[in-house]
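**Student:** Sequence isn't available, so here's the structure alone:
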């Protein structure tokens, strides 16, 4: 028998994802992954003010848990990890324009680019003017994206590591949304849409958990 999920603490807040459609007079939410229709009782509608809910008691804690489990809302905790606790690892091969575009969107983050045998090689000078702390590592011959990610992971010293492919463009707020989930005691790893995963790691150890949004440990 599966044990119930731990109760979310008082003060924990959740925010309905901006891509979720609010139907009718707020009696239903349509969204999540996979897409689902979530009907809200009148009492739940009263608690969910402008798409935001703050846990104050057992009832609001249960509603917040339901919204999180349905993947229609993200945590908005008062504390928790920030971008200073994250390193972004980007494996790349022969896609300098893509990785430049991606790096330009990662302001204020620590970034490790792993060049997996590109020709010509990708160099640190290719990112002059980037507004992030960037390190470029290189495989002299291609070993594949998985090996490149592992090389990047070995260079990380932060508690959290985000893996991004060089051909993606993260939505604004993607990292904050993912990090909020790590304040949920049931979460070991998280994932955003369009191949933008983030995972927590033990120092010097492997990734913990899977790569699905809000997968229980």
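**Tutor:** Cool, got the structure. It should be emphasised that the depicted structure is a prediction, and the values quoted were computed from it without experimental measurement.

**Student:** tell me the phi and psi of the nearest residue to residue 159 once chain neighbours are set aside?
**Tutor:** For residue 159, ignoring the flanking residues on the chain, the nearest one in space by Cβ to Cβ, 6 or more residues apart in numbering is residue 85 at 5.1 Å. From N, CA and C alone the C-beta is placed, and that goes for glycine too. Main-chain torsions, residue 85, degrees, to the nearest 10: phi -90, psi 10.

**Student:** ok, now which ones touch residue 85?
**Tutor:** 158, 159, 160, 179 (Cβ atoms under 8 Å, 6 or more residues apart in numbering).

**Student:** Please tell me I have it right and the second one contacts residue 82.
**Tutor:** No: under the criterion of Cβ atoms under 8 Å, residue 159 makes no contact with residue 82, lying 10.8 Å away.

**Student:** hang on, the earlier thing: pull up the gap between the residue nearest to residue 159 and residue 156, please.
**Tutor:** Remark: distance between residue 85 and residue 156 (Cβ to Cβ, to the nearest Å) = 11 Å.

**Student:** Who are the contact partners of the residue lying closest to residue 16 once chain neighbours are set aside?
**Tutor:** Of all residues not flanking residue 16 in the chain, residue 51 sits nearest, at 3.9 Å (Cβ to Cβ, 6+ apart). Residue 51 makes contact with 15, 16, 22, according to Cβ under 8 Å, 6+ apart.

**Student:** Phi, psi for the first one please.
**Tutor:** Think residue 15. phi -130, psi 130.

**Student:** quick one, what contacts it?
**Tutor:** 51, 52, 53, 73, 74, 76.

**Student:** do the second one as well
**Tutor:** With Cβ under 8 Å, 6+ apart as the criterion, the residues that contact residue 16 are 22, 29, 48, 51, 52, 67, 72, 73.
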